[in-house]
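J.: what would the 3D arrangement of this be:
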Amino acid sequence: MNKLTFKACILSCLFSVSTTSQAKLEELQDDALSEYTGQAFITIDQPASITEGDTTYKYTRINTGLSIDTVLNIDKLELGRYDDPRDITNSGADINMTDVALGTYFNPHDYFEVNSSGDIVYGSDGLPKPDPSKFPNDPDTGRQLTVEDTGKPLPFHIEDPFIEFAFKEENGVQSIAGFRLGFGGAKGTFTTNIESLSGNLDVIIQDDAQSLGTQDTEGFFGKILEILGPVLLGNSPISTEAILQQGPNDPNPGQALDYRATHIGVETGDNFRVDAGDVGFLSWTAVDLAISLLAPADANASTTCTSNGLFGVCTGGNIDLHTEGCELIGIDTCFPLDKYQSLDIGNGEEARGAFLGIQTEEVPWRTDVFVSTDPSNPIAEGEYVEGIMRAGQGFYLNIPTGGINIDLKEAVNNGIPRQTTRYTDASLGLF
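T.: Modelled structure (predicted):
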């Protein structure tokens, strides 16, 4: 068969197929169309603009509508390495992390027992002793996992990821000011070794007065609080909020820092609050008297009566212990970021408002923020509402308040050990 004949055969076959596969298009009436519903895979929104003086920021958001479950590992994540006079920690990069992971693989030793002092209990094999009561639930069935489930993936969940552009309009000239990758919701374990971080990472520290007995305090008042606090205050809740800040060797230890931070802790002037509630007249009087007589020379502390008993006598209230320069009655309140290697984002619920952005200047982003329902206690129970997060120049990672909760022992002593993020062979017990 020559080439001309072969080409003719091909053309004949194509025309043959096209004529036999044609279908007639028919118009659907409105009543027929009303039976069908759907949504585009990708939608584009324009959130409300923000005007500050002569500058207006306008936004374009591209929504994907995706729901993602993933177990992801990144050996090194370094963003924004350049010289900058704002770099007071000399860390060299806006964001610098190693061994980054989203999601984990279930390993019973990651959920360990602790003793009455809050220390990790180790088994005869030298590994942390598993505490089955702490085992998470199966993400597929909801049942609590057992040792037999070792190696099961526990994915990181991302809901409604989007990308957004910020445009700056000033004196009739428009320019791009920022770009971000945002998440409508995020839930799961975020594991990494953080060397430097620019952004917002808020951690809520919650425990009870019993934990004061596990701390090595300094000064007479500190020792009184360490010894008598658990006895007089019982299980009274302790709470505070930790943020990115300057470390003990930086120019202003304990002050907030959202650019290339290497430490996290309780900001200078903020409180460790003990909510003593109604502990009784004698217990409250003893604590109040100790603070009144001893605290001014040894610590910065105050009390507020919130509970009155018979004849109006005070029977309980709030005790605020104020931090100063990375210290509180001998307890460190500035902690290296690499001490916390596995963070539970959302604590079982979706944390809203997380994003990773890059800005040519400080940009106000509209995002969900966590607001306490108790104005006197900013870390009490609250809710997410639409607010504004100001992200500075360069790369910026925002993990919102309400997204991470730890206890006092984790904050000060143990840190948070790294969970299992790589799976090799469960039959050999290797990770």
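J.: mind listing what's buried in the host helix or strand of G178?
T.: Using DSSP states H and E, the element containing G178 is strand 173-196. Neighbour-count burial for strand 173-196 flags 177-178, 180, 182-196 (criterion: 16 or more other C-beta atoms under 10 Å). (C-beta placed from N, C-alpha, C; glycine too.)
J.: and if you look at stretch 351-360?
T.: Those would be A351, R352, G353, A354, F355, L356, G357, I358, Q359, for stretch 351-360 by 16+ other C-beta under 10 Å.
J.: out of those residues, flag the one nearest to E148.
T.: Taking C-beta to C-beta as the measure, E148 lies nearest A351 of the buried residues of stretch 351-360, at 30.4 Å.
J.: distance of the closest one relative to D69?
T.: Going from A351 to D69 by C-beta to C-beta, to the nearest Å gives 16 Å.
J.: helices or strands up against the one helix or strand T60 maps to?
T.: Assigned by DSSP H and E, T60 belongs to strand 55-63. Strand 55-63 is packed against strand 43-45, strand 50-52, strand 156-170, strand 363-372, with contacts defined by 3 or more C-beta pairs under 8 Å, 6 or more residues apart in numbering; DSSP states H and E.
J.: swap the cut-off to 10 Å and go again
T.: When contacts are defined as 3 or more C-beta pairs under 10 Å, 6 or more residues apart in numbering; DSSP states H and E, strand 55-63 sits against strand 43-45, strand 50-52, strand 156-170, strand 173-196, strand 363-372.
J.: pLDDT of the host helix or strand of V100, averaged?
T.: V100 belongs to strand 93-102 when assigned by DSSP H and E. Computed over strand 93-102, the mean pLDDT rounds to 96.
J.: could you name the helices and strands sitting against that strand?
T.: Applying 3+ C-beta pairs under 10 Å, 6+ apart, we find strand 93-102 packed against strand 67-70, strand 72-81, strand 156-170, strand 173-196, strand 394-399.
J.: to P251, which of those lies closest?
T.: Proximity to P251, assessed across the helices and strands packed on strand 93-102 by C-beta to C-beta, is greatest for strand 173-196 (16.1 Å).
J.: low-confidence ranges, the stretch 101-250 of the chain, go.
T.: Within the stretch 101-250 of the chain, the stretches with pLDDT under 70 are 213-232.
J.: buried set for stretch 68-77?
T.: The neighbour-count check on stretch 68-77 (16+ other C-beta under 10 Å) flags I68, D69, V71 as buried.
J.: contacting residues around the last one?
T.: What that stands for is V71. By C-beta atoms under 10 Å, 6 or more residues apart in numbering, the contact set of V71 is 101-105, 153-156, 188-189, 421-423.
J.: and whichever strand or helix holds V274, how far from the chain's centre?
T.: V274 belongs to strand 271-275 when elements are defined using DSSP H and E. Taking C-alpha atoms, centre = their mean, to the nearest Å, one finds strand 271-275 lying 21 Å from the centre of the chain it belongs to.
J.: which of the contacts of V71 are buried?
T.: Buried residues within the contacts of V71, defined by neighbour count using 16+ other C-beta under 10 Å: A101, L102, G103, T104, Y105, L154, P155, F156, G188, T189, T421, Y423.
J.: excluding sequence neighbours, find me the nearest residue to the fifth one.
T.: In this structure, Y105 finds its nearest non-sequential neighbour in Y423, 4.4 Å apart by C-beta to C-beta, 6 or more residues apart in numbering.
J.: the one you found and D125: what is the separation?
T.: Separation of Y423 from D125 (C-beta to C-beta): 20 Å.
J.: roughly how far apart are the nearest residue to Q46 once chain neighbours are set aside and I44?
T.: Leaving aside its chain neighbours, Q46 sits nearest to T60 (5.8 Å; criterion: C-beta to C-beta, 6+ apart). Computed as C-beta to C-beta, the T60 to I44 distance reads 7 Å.
J.: cool, and V369?
T.: Remark: distance between V369 and I44 (C-beta to C-beta) = 24 Å.
J.: neighbour count winner among the two?
T.: Between V369 and I44, V369 has the larger neighbour count (other C-beta atoms under 10 Å), namely 20 against 10.
J.: list phi and psi for the closest residue to the more buried one other than its chain neighbours.
T.: If the residues on either side of it in the chain are set aside, V369 comes closest to G387, at 3.5 Å by C-beta to C-beta, 6+ apart. When read as degrees, to the nearest 10, the backbone of G387 gives phi -140, psi -160.
J.: how about E362, phi and psi?
T.: For E362, the backbone dihedrals (degrees, to the nearest 10) come out as phi -60, psi 130.
J.: what number of residues lie near it?
T.: Counted with other C-beta under 10 Å, E362 comes out at 13.
J.: show me what contacts it?
T.: Counting by C-beta under 10 Å, 6+ apart, E362 makes contact with A177, G178, R390, A391, G392, Q393, G394, Y396.
J.: out of those, who's nearest F112?
T.: Y396 (34.1 Å).
J.: bridging across strands, which residues link to that closest one?
T.: As for beta bridges, Y396 partners with G357 under DSSP bridges.
J.: right, and it touches L244 too?
T.: No. With contacts defined as C-beta atoms under 10 Å, Y396 does not count as touching L244, sitting 11.1 Å away.
J.: list the residues that contact both of those two?
T.: L197, S198, G199, N200, D258, Y259.
J.: between those residues, which sits nearest I331?
T.: Proximity of these to I331 (C-beta to C-beta) peaks at L197, which lies at 23.3 Å.
J.: how far away is that closest one from G92?
T.: Counting by C-beta to C-beta - L197 and G92 are separated by 13 Å.
J.: who wins on neighbours among the contacts of E362?
T.: Neighbour max across those (other C-beta under 10 Å) = Y396, 29 neighbours.
J.: list the contacts of it.
T.: Y396 makes contact with 79-80, 94-95, 178, 180, 197-200, 258-259, 355-359, 362-363, 365, 389-390, according to C-beta under 10 Å, 6+ apart.
J.: let's go with 8 Å and repeat that
T.: D94, S198, G199, N200, D258, L356, G357, I358, Q359 (C-beta atoms under 8 Å, 6 or more residues apart in numbering).
J.: all good on my end, thank you.
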